[in-house]
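Peer 1: Let me see the structure of the following:
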Amino acid sequence: MAIVSRDRVARQFAEQRRRAIGLYRRANAAMAGGVGHDLRYNDIAPTYVTHARGSHKWDVDGNEYIDYGMGNAALLLGHAHPAVIEAVQRAVPNGLHFGNDHPEMLDWAELIQSLVPSAERVRFTNSGSEGATLALRLARAFSGRDRVLRLEGHFSGWHDAVGRGAAPPFDAAVSLGIPAATLAATVVVPADLAVIERTLADNPDIGALMLEPSGGSWGTVPLTHAFNRSLRELTRDREVLLVYDEVITGFRYSPGGYQALIGVVPDLTVLGKIVTGGLPGAVVAGRADIMDLFAFTGDPRHDRYQRVTHQGTFNANPLTVAAGVATLRLVADGAPQARADRLAEQLRAGMNESLVHHRVAGYVYGDSSVWHVYVQAYPGTGASSLDQVRTSDASTLKSIPAPAVTAFQRHLQIRGVDVLSSTGGVTSAAHSDEDIQRTIEIFDDVIRAMVDERLVATLV
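Peer 2: Modelled structure (predicted):
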């Protein structure tokens, strides 16, 4: 009976996406892997969006969604915010790309400095992955040590230098094509202070610890403020550079990011998404003495052998800078964050009420404007209370079986809700109270269906 129901959901999903299925056939003949990003893969058809406004977006088949993906969490202000669009439109007639620096990039740099505690100096890149790559190059150059410590479940892009640790099993490479020597330069451990302290003591060649401060995979495996504060003390004592990946938390958790919220200043910070207003780009920010490794002295030997080199044709391109400046000016007072946080709190509370009502072995959690759903797959562990369900184990939180995740996403999309990835999402300042209430109603309907289909476990 459950299998029949799941087939029906797949058929309904396909029936709503006839044009998307046709586009997907074209994509598979033209694009490697058929999609532009692994998270967009869907074995029936990915979602092809035509336009978006505020908290909603529309696909090629005319389906409308309340969007909790928000441009992979880049759009704190919502889709197509008028001030950001206007800023980009003003910039376009002056030229799409100069291949030179320009005055507006200084406005952007100074705004970031004024908001982010660790940003004594900044350097612009073209993506979060590029930013993380550059931050690790800086950390190795400054510390004189090649190895990097990472925590289980933490994601900092697709580049080789973080080629293991993001996905279980955490000691295995996340992809083919990563050299063994590169993998050996990364040490991955659980988010356990005692283990981290012992690992640093036993491995004096570790020069940096890089993590997402809110927890692995944008808080899927959450960390506490106290943990971060202890980590700062530990790394300082060991003379290990603390590198924060704030690609998602930056400007979302507060105008100064996670670090400003909790009063911890890392040595280096990678910023992305919101910092650019939703256009391509990212930033490495950090201590002046570390960032001075970029400096030219005019001494040929120094400039060739004793500095960190960095290029990038589109670094701080005029359109990205325009969007970034407009966005940061709007989020600097904290009002958009406060609104998004309030809406996310309402959403998490309503979703949890639904799970309790249906006695599902799962819970909704998250900080700031972020929400995650964890559910045990059927038949479950036989838990009789939510206290027995709650976990901090990275492998468990990151390993909800694919059939349950796929069903969750499809059920939501059929009803007009889209998520960021797996089973979570983010709110924006553009979401409304009506969006939240409607989403809670849809979520309740989805959970009821998944219980009936025996995809999620219930408490015994």
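Peer 1: hey, where'd the strands end up in the stretch 151-300 of the chain?
Peer 2: Applying DSSP state E, counting those that start in this stretch to the stretch 151-300 of the chain gives strands spanning 186-189, 206-211, 215, 221-222, 241-246, 268-272, 282-286.
Peer 1: To residue 8, which of those strands lies closest?
Peer 2: Evaluated with Cβ to Cβ, the strands of the stretch 151-300 of the chain place strand 221-222 nearest to residue 8, the distance being 33.8 Å. The C-beta positions use only the backbone N, C-alpha and C, and glycine is treated the same way.
Peer 1: which residues touch that closest one?
Peer 2: Taking contacts as Cβ atoms under 8 Å, 6 or more residues apart in numbering, the residues outside strand 221-222 that touch it are 152-154, 191, 214-215, 365-367, 392, 394, 397-398.
Peer 1: From these, keep the buried residues only.
Peer 2: Buried residues within the contacts of strand 221-222, counting neighbours by 16 or more other Cβ atoms under 10 Å: 152-154, 191, 214-215, 365-367, 394, 397-398.
Peer 1: Turn the residues you listed into JSON lines, columns for pLDDT and distance to residue 275.
Peer 2: Conversion of these to JSON lines gives the following (pLDDT from 0 to 100; distance: Cβ to Cβ, whole Å):
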{"residue": "152", "pLDDT": "97", "distance to residue 275": "27"}
{"residue": "153", "pLDDT": "96", "distance to residue 275": "24"}
{"residue": "154", "pLDDT": "97", "distance to residue 275": "20"}
{"residue": "191", "pLDDT": "97", "distance to residue 275": "26"}
{"residue": "214", "pLDDT": "98", "distance to residue 275": "16"}
{"residue": "215", "pLDDT": "98", "distance to residue 275": "20"}
{"residue": "365", "pLDDT": "98", "distance to residue 275": "26"}
{"residue": "366", "pLDDT": "98", "distance to residue 275": "21"}
{"residue": "367", "pLDDT": "96", "distance to residue 275": "19"}
{"residue": "394", "pLDDT": "96", "distance to residue 275": "27"}
{"residue": "397", "pLDDT": "97", "distance to residue 275": "27"}
{"residue": "398", "pLDDT": "95", "distance to residue 275": "26"}
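Peer 1: Which of the residues you listed sits closest to residue 310?
Peer 2: Lowest distance from residue 310 to the buried ones among the contacts of strand 221-222 (Cβ to Cβ) belongs to residue 154, with 23.5 Å.
Peer 1: my guess is that closest one meets residue 209, correct?
Peer 2: No - between residue 154 and residue 209 no contact is recorded; they are 10.3 Å apart, counting by Cβ atoms under 8 Å.
Peer 1: okay, and for the protein, where does confidence drop off?
Peer 2: Low-confidence regions of the chain, defined by pLDDT under 70, span residues 1-5.
Peer 1: Could you rerun that using 80?
Peer 2: Along the chain, the parts satisfying pLDDT under 80 run over 1-6.
Peer 1: check contacts around residue 20.
Peer 2: Under the criterion of Cβ under 8 Å, 6+ apart, the contact list for residue 20 reads 45-48, 59-61.
Peer 1: ok, now residue 117?
Peer 2: 256, 259-260, 265.
Peer 1: out of these, which is most surrounded?
Peer 2: Comparing these on neighbour count, residue 259 comes out first with 25 neighbours (neighbours: other Cβ atoms under 10 Å).
Peer 1: Tell me the spacing between that residue and residue 398.
Peer 2: Computed as Cβ to Cβ, to the nearest Å, the residue 259 to residue 398 distance reads 24 Å.
Peer 1: Show me the one of the strands of the stretch 151-300 of the chain that comes nearest residue 55.
Peer 2: With Cβ to Cβ, the closest approach to residue 55 among the strands of the stretch 151-300 of the chain belongs to strand 268-272: 21.3 Å.
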